[in-house]
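Participant: Dropping the sequence and predicted coords here.
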Amino acid sequence: MSATDETVVLPPVPAGDPAASRSATLDAHEVSAWFGDHKVLDRVSLNMPAQRVTALIGPSGCGKSTFLRILNRMHELVPTASLAGQVLLDGSDIYDRGRRITHARREIGMVFQKPNPFPAMSIYDNVLAGLKMNGIKAGRGERDDLVEECLVKAGLWKEVRDRLRQPGGALSGGQQQRLCIARSLAVRPRVLLMDEPCSALDPTSTRRIEQTIGELSDEVTIVIVTHNMQQAARVSHQCAFFLAEQGTPGVIVEHGDTDAMFTSPQDPRTSDYVNGRFG
Ligand SMILES: Nc1ncnc2c1ncn2[C@@H]1O[C@H](COP(=O)(O)OP(=O)(O)OP(=O)(O)O)[C@@H](O)[C@H]1O
């Protein structure tokens with residue numbers, strides 16, 4: 001990422017209930033994707049409601065990460081990549097020609113599989129790193145408040161409040177991942193995408209991140225890719241089961257309320273997958 005030429009101000013914390021209002025609904029409509037002439041997703045539609053956690057599940061290679069990256073315009077960073085369809089953020093298409101790519105990425109943040117803080121940069125500066133990249137101005141007092149706000153929300157404040165000037169790289173893996181979540185939150189996104197955020201973490205750190213996801217879900221829409229069925233059951237409100245059968249592009253076989261997907265799936269392939277019979 002690079003600094004942008006636009007200068008914007010930090011979206012205000014809404015008065016009253018800060019949680020309620022920035023979360024937005026994301027709607028994927030008939031999304032198809034290719035790498036070169038290899039089609040990897042075929043007309044995938046999914047509604048990801050505001051203030052809800054949506055889990056994307058399915059075997060390796062079925063297109064979950066590609067779909068996730070399409071949701072904040074990261075797919076187009078791959079030179080051979082192309083796509084069709086629409087992604088609507090509260091009704092407006094993030095791929096509209098008049099819409100800046102930086103705007104989509106600011107509104108729709110991403111947390112990756114491997115924690116990727118800037119290791120030599122202080123914890124404090126790590127949280128604020130996204131502001132500079134997005135050309136967001138904030139005064140000193142505002143920055144201090146924002147660092148505390150985001151670290152509290154990411155569930156890290158109590159552990160680092162006395163060492164904010166120490167390097168981010170000195171934290172444990174789980175703490176680094178929560179620091180990355182805090183960094184994503186600093187630009188006040190409306191949606192947070194998480195691509196297997198716990199796969200590099202131990203069980204204790206994993207449960208701590210899951211707790212953070214639960215705490216955040218009121219204020220930011222969360223879409224998470226996970227291979228861990230217990231995790232999908234624990235953290236998500238709804239699930240979408242992706243599958244790419246015998247070299248065909250990935251599709252959503254079934255989606256719906258998480259409890260229903262796990263207890264009474266409609267499609268036998270979903271049942272087989274959530275019960276660990278393949279994948
Ligand atoms: N940069 C790329 N260039 C070419 N093909 C790619 C690229 N990234 C992914 N693919 C292909 O797209 C298909 C979907 O991959 P994707 O990573 O989205 O699946 P996934 O379900 O997230 O898999 P996993 O669970 O293993 O991460 C696969 O066939 C993969 O090989």
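Facilitator: Alright, I've got the coordinates.
Participant: Could you double-check that residue 111 lies in contact with residue 178?
Facilitator: No. Look at residue 111 against residue 178 with CB atoms under 8 Å: they stay out of range, at 9.7 Å. Just so you know, the C-beta spots here come from the backbone N, C-alpha and C atoms, and that holds for glycine as well.
Participant: Looking at those two, which is more packed in?
Facilitator: residue 178 (28 against 24; other CB atoms under 10 Å).
Participant: how much space between residue 173 and residue 25?
Facilitator: 32 Å (CB to CB, to the nearest Å).
Participant: Between those two, tell me which one has more neighbours.
Facilitator: Neighbour totals were compared for residue 173 and residue 25, and residue 25 leads with 17 against 14 (other CB under 10 Å).
Participant: Surely that one touches residue 90?
Facilitator: Yes. Residue 25 lies in contact with residue 90 (CB under 8 Å); the separation is 5.7 Å.
Participant: list the residues that contact both of the two?
Facilitator: residue 50 (CB atoms under 8 Å, 6 or more residues apart in numbering).
Participant: in what helix or strand does residue 127 lie?
Facilitator: helix 123-133 (DSSP states H and E).
Participant: That helix packs against which elements?
Facilitator: Helices and strands touching helix 123-133, by 3 or more CB pairs under 8 Å, 6 or more residues apart in numbering; DSSP states H and E, are helix 140-153, helix 173-185.
Participant: got the buried residues for that helix?
Facilitator: 123, 124, 125, 126, 127, 128, 129, 130, 131, 133 (16 or more other CB atoms under 10 Å).
Participant: again, but for stretch 23-31
Facilitator: 23, 24, 25, 26, 27, 28, 31.
Participant: which residues in the stretch 1-150 of the chain form strands?
Facilitator: Secondary structure of the stretch 1-150 of the chain (DSSP state E, counting those that start in this stretch): strands at 8-9, 26-35, 38-48, 53-57, 81-89, 92-93, 108-111, 136-137.
Participant: Tell me which of these sits most buried.
Facilitator: strand 53-57 (a mean of 27; mean count of other CB atoms under 10 Å).
Participant: What lies in contact with that one?
Facilitator: 46, 48, 64, 67-68, 213-214, 217, 221-227, 229, 231-232, 235-242, 258, 273-274.
Participant: Out of these, which are close to the ligand?
Facilitator: Among these, the residues within reach of the ligand (CB under 6 Å from any ligand atom) are residue 64.
Participant: Can you flag which of the contacts of strand 53-57 belong to helices?
Facilitator: 64, 67, 68, 213, 214, 229, 231, 232, 235, 258, 273, 274 (DSSP state H).
Participant: Report the secondary structure element holding residue 254.
Facilitator: Counting by DSSP H and E, residue 254 is part of strand 251-257.
Participant: strands paired with that strand, and their directions?
Facilitator: Strands adjacent to strand 251-257 in the sheet, as given by DSSP bridges, are strand 238-243 (antiparallel).
Participant: CA-only coordinates of the partner strand in PDB, if you can.
Facilitator: Taking Å, rounded to 0.1, in the frame of the first residue of the first chain, the C-alpha atoms of strand 238-243 are listed here in PDB:
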ATOM      1  CA  GLN A 238     -24.300 -17.400   9.500                       C
ATOM      2  CA  CYS A 239     -22.200 -19.600   7.300                       C
ATOM      3  CA  ALA A 240     -21.700 -20.100   3.600                       C
ATOM      4  CA  PHE A 241     -20.400 -23.500   2.400                       C
ATOM      5  CA  PHE A 242     -18.200 -23.200  -0.700                       C
ATOM      6  CA  LEU A 243     -17.300 -26.100  -2.900                       C
END
